[in-house]
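> Sequence first, predicted coordinates after that:
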Amino acid sequence: AILVNLHDVLSFPRDLRGLEALLRDFILCPELVREMVGFSVDYNIELARLAKKHGAEIIGIGDDFADNKGPFVSPEMFREFLYPEMKRVVKAYKNLGFYVIKHSDGNLMPIIDMIIETGVDCLDPIDPLAGMDIGFIKQKYGDRIAIKGNINCVTTLQNGTPQEVKKEVKECIKKAAPGGGYIISSSNSLHAGVKPELYQVMLDSIQKYGVYPIKLENG
């Protein structure tokens with residue numbers, strides 16, 4: 001499948017204003033925020049139409065909404081300023097025939113219900129360093145959304161042992177794979193600090209344990 005990375009509601013306004021200025025704008029210049037968010041959505045819908053003509057099938061939207069402590073804006077502000085336009089852009093992407101994977105680092109728990117309500121098909125990466133529990137997310141939301149993640153690329157894939165990588169792969173599969181709807185991957189990316197030999201252990205372990213029907217007891 002061909003995947004294209006686009007945006008939803010926050011990255012463009014952040015890049016235009018800077019994050020600190022944008023967060024002030026939510027209070028001081030709310031209409032400016034609405035205009036920038038609307039422009040971002042309109043622009044990315046047009047990009048999606050072009051991507052569809054060239055055979056893309058999946059859209060990854062990579063606007064980060066949170067850091068490890070929580071969302072950049074309160075749930076109330078998210079619902080007022082960002083949720084309606086995010087819902088609009090996701091609906092447009094899906095009307096074009098795309099599957100939609102929503103990426104955001106950080107602790108999304110205060111706004112996760114709203115994110116899922118927008119209609120995205122998959123949530124990535126269920127950030128373990130932010131306290132996001134992939135087992136809890138699977139149990140509570142697994143009947144509504146696919147989940148992607150979350151072999152820790154900051155600790156395990158950089159400084160872990162092969163045994164620790166294997167253990168983490170098995171734990172993620174045990175928690176998130178039953179019933180389907182799980183894409184196993186790193187907790188963010190394969191950045192320069194990831195050790196190739198540990199990534200290979202991750203791939204080998206996925207091939208060994210990540211085949212349905214799931215059987216983790218051997219090895």
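Done, it's in. Numbers count the residues shown, from 1 in each chain.

> domain parsing for this structure?
Partitioning the chain according to automatic domain parsing yields domains covering residues 1-124, 148-219.

> ok, which stretches of this protein are strands?
Along the chain, counting by DSSP state E, strands occupy 3-6, 58-61, 66-67, 70-71, 99-103, 122-124, 146-151, 182-186.

> Out of the ones you listed, flag the one nearest residue 112.
Each of the strands of the chain was scored for nearness to residue 112 using CB to CB, and the closest is strand 122-124 (7.7 Å). (Glycine included, C-beta is placed from N, CA and C.)

> elements contacting the closest one?
If contacts are counted by 3 or more CB pairs under 8 Å, 6 or more residues apart in numbering; DSSP states H and E, strand 122-124 sits against strand 99-103, helix 112-117, strand 146-151, strand 182-186.

> So which bits of it are buried?
Of the residues in strand 122-124, those buried under the neighbour-count criterion (16 or more other CB atoms under 10 Å) are 122-124.

> could these go into CSV alongside pLDDT?
Formatted as CSV, the entries for the buried residues of strand 122-124 read as follows, by pLDDT from 0 to 100:
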residue, pLDDT
122, 98
123, 98
124, 97
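
> Tell me how many other residues surround residue 83.
18 (other CB atoms under 10 Å).

> now swap in residue 176 and tell me
Applying other CB under 10 Å, we find 25 other residues in the vicinity of residue 176.

> Low-confidence ranges, the chain, go.
Scanning the chain for pLDDT under 70 picks out 218-219.

> packing partners for the longest helix along it?
When secondary structure is assigned using DSSP state H, the longest helix within the chain turns out to be helix 30-53. Helix 30-53 makes packing contacts with strand 3-6, helix 11-17, helix 19-28, helix 83-95 when contacts are defined by 3+ CB pairs under 8 Å, 6+ apart.

> sorry, back to before: most packed of the helices and strands packed on strand 122-124?
The highest average neighbour count among those, using mean count of other CB atoms under 10 Å, belongs to strand 146-151 at a mean of 24.

> Mind giving me the packing neighbours of it?
strand 122-124, helix 134-141, helix 162-176, strand 182-186.

> neighbouring strands for it, and are they parallel or not?
The partner list of strand 146-151 in its sheet, established with DSSP bridges, is strand 122-124 (parallel), strand 182-186 (parallel).

> okay, those strands in a markdown table with distance to residue 5 next?
Formatted as a markdown table, the entries for these read as follows, by distance: least, CB to CB, whole Å:
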| stretch | distance to residue 5 |
| --- | --- |
| strand 122-124 | 12 |
| strand 182-186 | 15 |
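
> Residue 58: which of those strands is closest?
Each of the strands paired with strand 146-151 was scored for nearness to residue 58 using CB to CB, and the closest is strand 122-124 (8.9 Å).

> Identify all contacting residues around that closest one.
Residues from elsewhere that reach strand 122-124 (CB atoms under 8 Å, 6 or more residues apart in numbering): 60, 99-104, 108, 112, 115-116, 137, 141, 145-149, 183, 185.
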